[in-house]
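Q: Give me coordinates for this.
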Amino acid sequence: MFPAAPAGRLGDDTCQAVSWENMIRRSVELISHWMASGVRPGQYTLSELYETARAVAGSGLAAEDAFRVCSATARALWGVLLRSVPAEDWGCLPPHMDVLWAYLDIASRTIKRAFDDHRELLSSSDNYRAGTLFGRICDRSPATIEDHDRADRLGFRFAEFYSPFVVAIVGGSAASHSYLAARLRATGALAYAEGRRVAGLTGPDFDWRTILDGHSVSLATYPPTRQDSLAEAVSELHDLVTLAARSGHQGRIHPEDFLAEMFLTNSPRLAERILERVFGRLEDQDDSGVLSATLTCLAANGFDRAATASALPVHRNTLLYRINRIEKLSGIDLDRHTHRELVRLAAIWKDGRISQFG
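A: Below is the predicted model:
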């Protein structure tokens, strides 16, 4: 929607997964109640479906995907119904089929309205101006007359250095992020909301405390940065906020909080080689996954064997047996510092891939 606005390298699926679950749950509840009672859903029930669809839109998913989830849920329920009713009684099922068709009609109209409303929210004139100007500045485009007009309308001033930021309200809706972006613009920041994040630029002395009081947020900022480095800086800030969401970290986020994760994100080929070096042989020769899980737990507990045995939980002798097997199969010596660091990096990358791809 906004030209050349930089995004992070990491996929942020945290909100998307929750949105899918809510859409499926809401669909199951609506269809099941309708089938059981024979009463069409009322306005309150439809408003819940609408709000769920708005959340799906705010998580960055497409309307087609949302309707596909509703359709798949309806088909799954129909399959359950067929399996639970003897074949000789299938003649009583057509009314239930009518409910499914009617639900899909309602769902398609509700999803369309929710996505249209969300698009209108994002395309509010000031938010659109801010997103367009932000994208052009990060893209190092020369300022045009139109850019100066946008800046004047927003009360933003061009400068040699900018402090980029990305902020997310923990558990916040798309609407709450739009309101936060509007508040930031009112203080002279260049801020735009797209979904469940706000990104933009401030001056070097911007006071975040007055803006964020009362909110649980993840905020990542960089010190004053030249225009030719802004795109890369904003991309890294997006990744920092994504990593913070995965780890449950809130408040002010600093790059040093996730140095290893950022290193791996910026070097995915090297990260894959480290992952293969540490876990490749274990996963090839241990179908149960017990040894890989044990090695991951060791890394998470700083290679403290007592803490790892308690966390798994297993007897200490069992853990020692597994460690011997791990070292024999992988060729890794867990008493060597360099090998421990490889394991730690591989575990971080493996955990990040699981979080990203489910």
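
Q: Now do the helices in the stretch 251-358 of the chain.
A: Taking DSSP state H, counting those that start in this stretch, the helices of the stretch 251-358 of the chain run over residues 259-266, 268-285, 290-300, 305-311, 316-330, 337-357.

Q: quick one: contacts for residue 186?
A: Residue 186 makes contact with residue 155 under the criterion C-beta atoms under 8 Å, 6 or more residues apart in numbering. Every C-beta, even on glycine, is put in place using the N, C-alpha and C of the backbone.

Q: Distance check, it against residue 137.
A: 19 Å (C-beta to C-beta, to the nearest Å).

Q: Most tightly packed of the helices of the stretch 251-358 of the chain?
A: Mean neighbour count (mean count of other C-beta atoms under 10 Å) peaks for helix 290-300 among the helices of the stretch 251-358 of the chain, with a mean of 20.

Q: Which strands or helices does that helix pack on?
A: helix 268-285, helix 305-311, helix 316-330, helix 337-357 (3 or more C-beta pairs under 8 Å, 6 or more residues apart in numbering; DSSP states H and E).

Q: how about TSV for those helices, with mean pLDDT added?
A: Below are the helices and strands packed on helix 290-300 laid out as TSV (pLDDT from 0 to 100):
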stretch	mean pLDDT
helix 268-285	90
helix 305-311	94
helix 316-330	94
helix 337-357	77
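
Q: Tell me which of these sits nearest to residue 86.
A: With C-beta to C-beta as the criterion, residue 86 lies closest to helix 337-357 of the helices and strands packed on helix 290-300, at 40.9 Å.

Q: any residues touching that closest one, and which ones?
A: 10-11, 13-14, 243, 246, 260-261, 263-265, 271-272, 274-275, 277-279, 295-296, 298-300, 303, 332-334.

Q: let's go with 7 Å and repeat that
A: 10-11, 13, 246, 260-261, 264, 271, 274-275, 277-279, 295-296, 299-300, 303, 332-334 (C-beta atoms under 7 Å, 6 or more residues apart in numbering).

Q: Same check on stretch 47-57?
A: Stretch 47-57 has contacts (C-beta under 7 Å, 6+ apart) with 19, 22-23, 26, 30, 66, 110-111, 113-115, 117-118, 173-174.

Q: how near is residue 85 to residue 79?
A: Counting by C-beta to C-beta, the gap from residue 85 to residue 79 is 11 Å.

Q: more crowded one of these two?
A: For residue 85 versus residue 79, neighbours defined as other C-beta atoms under 10 Å are more numerous around residue 85 (14 against 10).

Q: and the more buried one, what does it touch?
A: Contacts of residue 85 by C-beta under 7 Å, 6+ apart are residue 93.

Q: Return the backbone torsion pair for it.
A: phi -110, psi 130 (degrees, to the nearest 10).

Q: Can you list the low-confidence ranges for this structure?
A: Residue ranges of the chain with pLDDT under 70: 1-4, 9-17, 58-60, 119-123, 214, 352-358.

Q: Can you show me the strands along it?
A: Secondary structure of the chain (DSSP state E): strands at 161-169, 190-193, 198-202, 217-221, 225-226, 251-253.

Q: Need the contact partners of stretch 266-281.
A: Contacts for stretch 266-281 (C-beta under 7 Å, 6+ apart): 264, 292, 329, 330, 332, 342, 343, 345, 346, 349, 350.

Q: follow-up on the earlier one: how about the helices of the stretch 251-358 of the chain in TSV, adding distance to residue 102?
A: Compiled in TSV, the helices of the stretch 251-358 of the chain are given as follows (distance: least, C-beta to C-beta, whole Å):
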stretch	distance to residue 102
helix 259-266	46
helix 268-285	47
helix 290-300	47
helix 305-311	50
helix 316-330	56
helix 337-357	36
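
Q: The residue nearest to residue 193 when sequence neighbours are not counted: neighbouring residues, count only.
A: Counting by C-beta to C-beta, 6 or more residues apart in numbering, the nearest residue to residue 193 once its immediate chain neighbours are dropped is residue 181, at 3.9 Å. Other residues near residue 181 come to 27 when the count uses other C-beta under 10 Å.

Q: Right, I'll leave it there.
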